[in-house]
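Novice: This is the structure alone, sequence omitted:
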């Protein structure tokens, strides 16, 4: 029944993001060697901070000779550094330049940051701004309010959109068919024992966010944390970002979050949207 409803509700679209990317990858203009170079950089993750050539080859699918050449080139350019003791490689400080350039030039971040700072002052909790990137949300602003887990406070962190309150908030502003397609192609792994991975339950949470104007996630991405998020929409009503307020589940229950913090998140999202988004 859902498939029939989705087909009826889906708007006409000229080309999906995935179709457009596939078309560009097949273009004669595409430089495959550049893709392989970036694959080496992207192989370094929080779980793989330092790697040797054999590990880089395994992580990227490159043969050992190609992995060695690309790694050496990136090392020579300053984007990788090498541990003289282990002879393994890691990302260098130079890679931070891309993050700075993005954050400094993105008008959404510039418009949103003052409103987010006011929100943090008002609610005295951690405040974040995320954007959709494929099937993930990507945090682009994070304003810490108290001592928290180190990884939970860093810009650039990715979380699957299907289980994040910000992801559900943004998906609620897409058509049901588009939201369902993204959920179905997501890697619906459990981040915590409380992560909901069933498609129907996820879609029910997105439907509720569509009615409420915000989404709440309880311990689904981090044990002990409850988060409420509201979507920032553009002039067409499509999702541009999400405002998050994150707090301790030991201190606040869902009812309190819904009554006290959800209106603050919604109001801030509307202010950001009124600034041009």
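Specialist: That came through fine. In this text, all values refer to a predicted model and were calculated from it rather than measured experimentally.

Novice: Per-residue pLDDT of residue 25, please?
Specialist: Residue 25 carries a pLDDT value of 81.

Novice: Where do the strands of the stretch 51-200 of the chain begin and end?
Specialist: 80-82, 89-91, 126-133, 136-143, 158-160 (DSSP state E, counting those that start in this stretch).

Novice: Name the spans of the stretch 1-150 of the chain whose pLDDT lies under the cut-off.
Specialist: 1-17, 146-150 (pLDDT under 70).

Novice: let's go with 50 and repeat that
Specialist: Across the stretch 1-150 of the chain, the ranges flagged by pLDDT under 50 are 1-14.

Novice: Break down it into its helices, ranges please.
Specialist: 2-9, 17-25, 32-42, 53-60, 64-77, 96-105, 107-123 (DSSP state H, counting those that start in this stretch).

Novice: Give me the distance between the third one and the centre of its chain.
Specialist: Which is helix 32-42. Counting by C-alpha atoms, centre = their mean, to the nearest Å, helix 32-42 is centred 21 Å from the centre of its parent chain.

Novice: Packing partners of it?
Specialist: helix 53-60, helix 64-77 (3 or more C-beta pairs under 8 Å, 6 or more residues apart in numbering; DSSP states H and E). Every residue, glycine included, has its C-beta placed from N, CA and C.

Novice: One more pass at 6 Å, please.
Specialist: On a contact count with 3 or more C-beta pairs under 6 Å, 6 or more residues apart in numbering; DSSP states H and E, helix 32-42 meets helix 64-77.

Novice: among the strands of the stretch 51-200 of the chain, which is nearest residue 242?
Specialist: strand 126-133 (5.1 Å; C-beta to C-beta).

Novice: and the gap between the residue of the chain most remote from its centre and residue 68?
Specialist: Within the chain, residue 85 marks the point farthest from the mean C-alpha position, 34.9 Å out by C-alpha atoms, centre = their mean. Distance, residue 85 to residue 68, using C-beta to C-beta, to the nearest Å: 19 Å.

Novice: Kindly report the same for residue 48.
Specialist: Residue 48 is 17 Å from residue 68, by C-beta to C-beta.

Novice: How many residues are close by the residue nearest to residue 53 when sequence neighbours are not counted?
Specialist: For residue 53, ignoring the flanking residues on the chain, the nearest one in space by C-beta to C-beta, 6 or more residues apart in numbering is residue 68 at 5.1 Å. For residue 68, the neighbour count with other C-beta atoms under 10 Å is 15.

Novice: any idea how far residue 91 is from residue 68?
Specialist: For residue 68 relative to residue 91 (C-beta to C-beta), the value is 18 Å.

Novice: do the same with residue 121
Specialist: 34 Å.

Novice: Compare those two (neighbour count), which wins?
Specialist: Using other C-beta under 10 Å, the more surrounded residue of residue 121 and residue 91 is residue 91, with 17 against 11.

Novice: Wait, that one touches residue 43, no?
Specialist: No: judged on C-beta atoms under 6 Å, residue 91 makes no contact with residue 43 at a distance of 9.9 Å.

Novice: so residue 232 is in which element?
Specialist: If you go by DSSP states H and E, residue 232 is part of strand 225-233.

Novice: tally of neighbours for the closest residue in space to residue 218 that isn't next to it in sequence?
Specialist: Nearest non-adjacent residue to residue 218, counting by C-beta to C-beta, 6+ apart: residue 226, 5.0 Å away. Using other C-beta under 10 Å, residue 226 has 24 neighbouring residues.
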